[in-house]
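1. Sharing a model prediction with you, sequence too.
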Amino acid sequence: LTSGHGMWTSVGNDTIKTRNLVFADGPHGVRVYENLPGTKGFDEDKKAPSTLFPSAAAMASTFNPELIYEVGKTIAKECNHYNVDVLLGPGVNLKRSPLGGRNFEYYSEDPYLTGVIATNFINGVQSEGVGACIKHFALNEQEDLRRFVSSEADERTIHELYLLPFEMAIKNANPSSIMGSYNKVNGHYACESEYLLKDVLRNQWGYNGLVMSDWGGVQDKVKSIKNGMNLEMPGDSEFTDEVRKAFNNNELTEKELDDSLLPLFDLYDYCEQNPNKGKKANFEDNHAFASKVSEEAIVLLENDGILPLSKGIKIGVIGDFAQNPRINGGGSASLKSYKIDKPIDELNKLFTVEFAQGYNDDQTTDKLLEDVKLLMENNDTILFFTGTTPNLEVEGKDREHMDMPQGHIDVFNVIKTFNKKVIVILSNGSALNISPLLGHSNAIIEAWFLGNANAKPLVDVITGIVNPSGRLSETFPIRIENTPLYGLFPSKEDTVSYVGDIVNTGYRYYDTHKHDVRYPFGYGLSYSDFRYDSISLDKEVLTDGDSLQVTIQVTNTSQFDGYEVVQVYVRDKESYFSRPNKELKGFKKVYIKANETVDVSIELDERSFAVYSSDFKDFRVETGLFDILVGKNVNDILLEETIQFNSSKKLRSNHSIYHTVKYFKIHNKEKFDYVVKKYRDFPWFEIEEPMIRVFRRLQKEFKINNEDFENLLKSFVE
Ligand code: BGC
């Protein structure tokens, strides 16, 4: 029972009333294999069709939690159709570098956005009675060496960044299960880490659900059971004898084993209560809904006014992706699509289209380039489809660069010599270096991996039937050399250091260090123009337990109805701790009609101002001033106000005599003055030393006997 049965189920046992619970990936749709339970591998012929939604990076770019709730719900309906009990998703690891091989499968570089989107996704899945399995717990941000590398991080970094999405989802959505990651955290495998599984997950957060391992993530089964891992996946386990031996030796007690199995029985009860199991899904409806999600995920990056394009004109379409769209990244997220729409078919319905393939995968040829030239001569308006090719974004390996494929650049180099109107459509799961396109394109559309329903929404954005409303869920840096972990990511060593990520990851880095980026976090254009009229706060001074209501008046000054994404960032103006220049703490997507004015209300709770205190193992607010910054993206702040937060909570333990003299001087001034008065003043070069060393020298110099010295010390440390 402590391990699975075959690739996709748990062990069933009539005597103790459990059955083969069925697990299926996740997270962009359900990947179903027939012939369950006990199947051994990935039999591609045995896959059943389902709806592929936009990939996680695209889902987060909708900035629309309610929509993502519906995505979760719809995927769960397909789980019920196929009798799947638990969906292996969402993935909530963060993006430390654009080179993360699995970035397409993760929501964002920002933990708050990730946490909000994940919470809604899980609530949607579980509203249909299907369990969600949030993954990969934790600090699994790099794919290279993912089974061995140890992510080394301090507690603040762990809690404020990498655990936050898990914590938010566990507290606000209570996922039925959580998947331990392959990597180590501070030297211990995540699937057997006492710190992660016991101290944080069970004790700090009070989580009672099931913890399963990533597939093949258990290294020491006995240790993993003792520390709170409940189910090793997949089966059948190589460790059964080991566990039996440990049990017989009393190294693993009956109580430990029983405790470890309880969550599995709870999960069984949960799955048995699902009233919708076996209910048929309507795949056509789901496909239509996936189209709505794609509409909101597309991000308009550049537009000199060429978009929206008038229907009926003659256009030249270049690029194989127009007929073979990129719909998903590779690995466990892939599935058998119910159906795949093609941009070229949708374009043919509305325009007179001439098509040139341009490239095949990442290569071009003289013949393909000749075709491009011919097409360029005949057409004034060009749509160029480009992005990353399948082997560039895939689970299990990180990217080596963030450039467009050379074959695509070669095609664009031909296109740009003609000086025609060019609209570029990008299909990629994570940031891309688009500098070869700049200066030679009139519009650029980030279409991500949009899944099955990728075509109509894209063409609707191009023609203005849909007003683009996606916002970047990650920064697009100018070039890889500008990214904070350049040369360090992925780590080729046994360890990967997360130290400094508090101010050095994603927009936190570019914003704090004032580095230019290609497109900032939260950025995206619309066909509408929005004016931010005013900001008002319901309080100027906050204290413990308070929340702050921020109300922003926004006007759509254009003739286009459209969505705006209002974003609220918080800046801690003075802090003992290192803090980034600003952090996203709230957002709202609102539909505003042409020439209409609306009030947008966003609530910031106490946590929005807090830091993680490792001394008290808790999030606490440091008394002081905080800026409330409202804008269209992290670099475009349009309104701001300042509040005072008076917190009664301590963030640090008292300084001890072992602390540096400088802090002792500030925080224990009375005792410090006593030493100065009794013995002597401290020269400047001594005040950074721990007080104890200074005292020892004084002991020698003034020949203080040991007893007096000990008494003196006691009076300071008590
Ligand atoms: C992936 C998981 C996935 C599992 C089962 C692993 O390699 O890391 O995300 O759920 O396989 O396919």
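-> Noted; the coordinates are in hand.

2. quick one, phi psi at the closest residue in space to Thr364 that isn't next to it in sequence?
-> With Cβ to Cβ, 6 or more residues apart in numbering as the criterion, Thr364 has its nearest non-adjacent residue at 4.1 Å, and that residue is Gly407. (C-beta placed from N, C-alpha, C; glycine too.) Main-chain dihedrals, Gly407, degrees, to the nearest 10: phi -60, psi -40.

3. Residues in contact with whichever strand or helix holds Pro165: which ones?
-> Pro165 is part of helix 164-173, with elements assigned from DSSP states H and E. Contact partners of helix 164-173, identified using Cβ atoms under 8 Å, 6 or more residues apart in numbering, comprise 92, 94, 107, 111-112, 114-116, 118-120, 122-123, 126, 132, 134, 137-138, 159, 175, 178, 201, 205, 207.

4. and what of stretch 677-692?
-> 657-662, 664-665, 676, 694, 698, 702, 713, 716.

5. Please spell out which residues along the helix or strand of the chain with the lowest mean pLDDT are buried.
-> The helix or strand of the chain with the lowest confidence, counting by mean pLDDT, DSSP states H and E, is helix 661-667 at a mean of 77. Judged by neighbour count (16 or more other Cβ atoms under 10 Å), helix 661-667 contains these buried residues: 661, 663-665.

6. Looking at the residues you listed, which one is closest to the ligand?
-> For the ligand, the nearest member of the buried residues of helix 661-667 is Tyr663. The distance, counting by Cβ to the nearest ligand atom, is 44.1 Å.

7. Quick check: that closest one touching His655?
-> Yes - between Tyr663 and His655 there is a contact under Cβ atoms under 8 Å: 5.1 Å.

8. In a strand, Leu638, correct?
-> Yes - using DSSP: H, G, I helix; E, B strand; the rest coil, the assignment for Leu638 is a strand.

9. Just the pLDDT at it, thanks.
-> Leu638 is assigned 98 on the pLDDT scale.

10. For the residue in the stretch 101-250 of the chain that the ligand sits nearest to, list the residues it contacts.
-> Relative to the ligand, the nearest point of the stretch 101-250 of the chain is Trp215 (3.9 Å; Cβ to the nearest ligand atom). Counting by Cβ under 8 Å, 6+ apart, Trp215 touches 7, 233-234, 332.

11. switch the cut-off to 10 Å
-> For Trp215, the contacting residues are 4, 7-8, 23, 25, 88, 179, 182, 232-234, 332, by Cβ atoms under 10 Å, 6 or more residues apart in numbering.

12. Out of those residues, name the ones that lie in strands.
-> 4, 23, 25, 88, 179 (DSSP state E).

13. Which ChimeraX command selects the buried ones in the residues you listed?
-> With 16+ other Cβ under 10 Å as the burial test, the buried ones among the ones in strands among the contacts of Trp215 are selected in ChimeraX as follows:
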select :4,23,25,88,179
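
14. Please list which of the buried residues of helix 661-667 are also close to the ligand.
-> For the ligand, no contacts are drawn from those by Cβ under 6 Å from any ligand atom.

15. Against the ligand, how distant is the residue nearest to Thr389 when sequence neighbours are not counted?
-> Ranked by Cβ to Cβ, 6+ apart and with sequence neighbours excluded, the top spatial neighbour of Thr389 is Asp362, at 4.5 Å. The spacing between Asp362 and the ligand, counted by Cβ to the nearest ligand atom, to the nearest Å, is 25 Å.

16. how much space is there between Asp362 and Glu141?
-> Separation of Asp362 from Glu141 (Cβ to Cβ, to the nearest Å): 26 Å.

17. Compare neighbour counts for those two and give me the winner.
-> With neighbours defined as other Cβ atoms under 10 Å, Asp362 and Glu141 compare such that Glu141 has more, 30 against 16.

18. any low-confidence regions in this protein?
-> 35, 684-686, 717-718 (pLDDT under 70).

19. got the residues of it near the ligand?
-> Going by Cβ under 6 Å from any ligand atom, the residues of the chain near the ligand are 25-26, 88, 135, 214-215, 332.

20. which one of those residues is nearest Thr557?
-> Gly26 (42.4 Å; Cβ to Cβ).

21. who's in contact with that closest one?
-> Counted by Cβ under 10 Å, 6+ apart, Gly26 has contacts 75, 79, 84, 86-91, 105, 125, 132-133, 135, 179, 332-333, 335.

22. With Val211 instead?
-> 133, 137, 177-180, 190-191, 196-197, 201-202, 224, 227-231, 260, 263.

23. Repeat the analysis, applying 7 Å as the threshold.
-> 178, 180, 197, 228-230 (Cβ atoms under 7 Å, 6 or more residues apart in numbering).

24. Dig out what it forms beta bridges with.
-> Judged by DSSP bridges, the bridge partners of Val211 are Ile178.

25. Please determine how far it is located from Glu354.
-> 56 Å.

26. And Phe321, by the same measure?
-> From Phe321 to Glu354 the distance is 17 Å (Cβ to Cβ).

27. before we move on, what about Trp8?
-> To Glu354, Trp8 is 47 Å away according to Cβ to Cβ.

28. out of these two, which sits in the more crowded spot?
-> For Trp8 versus Glu354, neighbours defined as other Cβ under 10 Å are more numerous around Trp8 (30 against 16).

29. The more buried one against Ala24, yeah?
-> Yes - the pair Trp8 / Ala24 is scored as a contact, 6.4 Å apart, by Cβ atoms under 7 Å.

30. Would you map the helices across the stretch 101-250 of the chain?
-> Here the stretch 101-250 of the chain has its helices, by DSSP state H, counting those that start in this stretch, at 111-127, 155-157, 164-173, 221-226, 240-248.

31. could you say what helices and strands the helix or strand that the last one is followed by packs with?
-> It stands for helix 240-248. For helix 240-248, the succeeding helix or strand toward the C-terminus, using DSSP H and E, is helix 254-272. Applying 3 or more Cβ pairs under 7 Å, 6 or more residues apart in numbering; DSSP states H and E, we find helix 254-272 packed against strand 131-137, strand 210-213, helix 221-226.

32. Could you dump these into a markdown table and include distance to Asp533?
-> Below are those laid out as a markdown table (distance: least, Cβ to Cβ, whole Å):
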| stretch | distance to Asp533 |
| --- | --- |
| strand 131-137 | 39 |
| strand 210-213 | 49 |
| helix 221-226 | 56 |
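
33. Nearest to Val424 among these would be which one?
-> Closest among those, using Cβ to Cβ: strand 131-137, at 33.4 Å.

34. before we move on, back to that, which one of the contacts of Trp215 is nearest Arg399?
-> Ser332 (17.6 Å).

35. Correct me if wrong: the closest one contacts Asp25.
-> Yes - if you go by Cβ under 7 Å, Ser332 and Asp25 touch, sitting 4.6 Å apart.

36. In space, what's closest to Val598 - neighbours in sequence excluded?
-> Ile592 (5.4 Å).

37. What is the neighbour count of that neighbour?
-> For Ile592, using other Cβ under 10 Å, the count is 22.

38. Ok, Tyr195 next?
-> Neighbours of Tyr195 (other Cβ under 10 Å): 17.

39. which residues sit in contact with it?
-> With Cβ under 7 Å, 6+ apart, Tyr195 has these contacts: His188.

40. Would you agree Gly4 is in contact with Asn230?
-> No - with contact defined as Cβ under 7 Å, Gly4 does not reach Asn230; the gap is 11.3 Å.

41. Leu369 in helix, strand or coil?
-> With three-state DSSP as the basis, Leu369 sits in helix.

42. correction: Glu574
-> Glu574 is classified as coil under three-state DSSP.

43. Any idea how many residues pack against the nearest residue to it once chain neighbours are set aside?
-> Leaving aside its sequence neighbours, Glu574 sits nearest to Gly624 (Cβ to Cβ, 6+ apart; 5.2 Å). Other residues lying near Gly624 total 16 when counted by other Cβ under 10 Å.

44. start at 50 instead
-> Fine by me, first position is 50 from now on; the one you just mentioned is Gly673.

45. surely Gly673 meets Tyr625?
-> No - counting by Cβ under 7 Å, no contact exists between Gly673 and Tyr625, whose distance comes to 9.4 Å.
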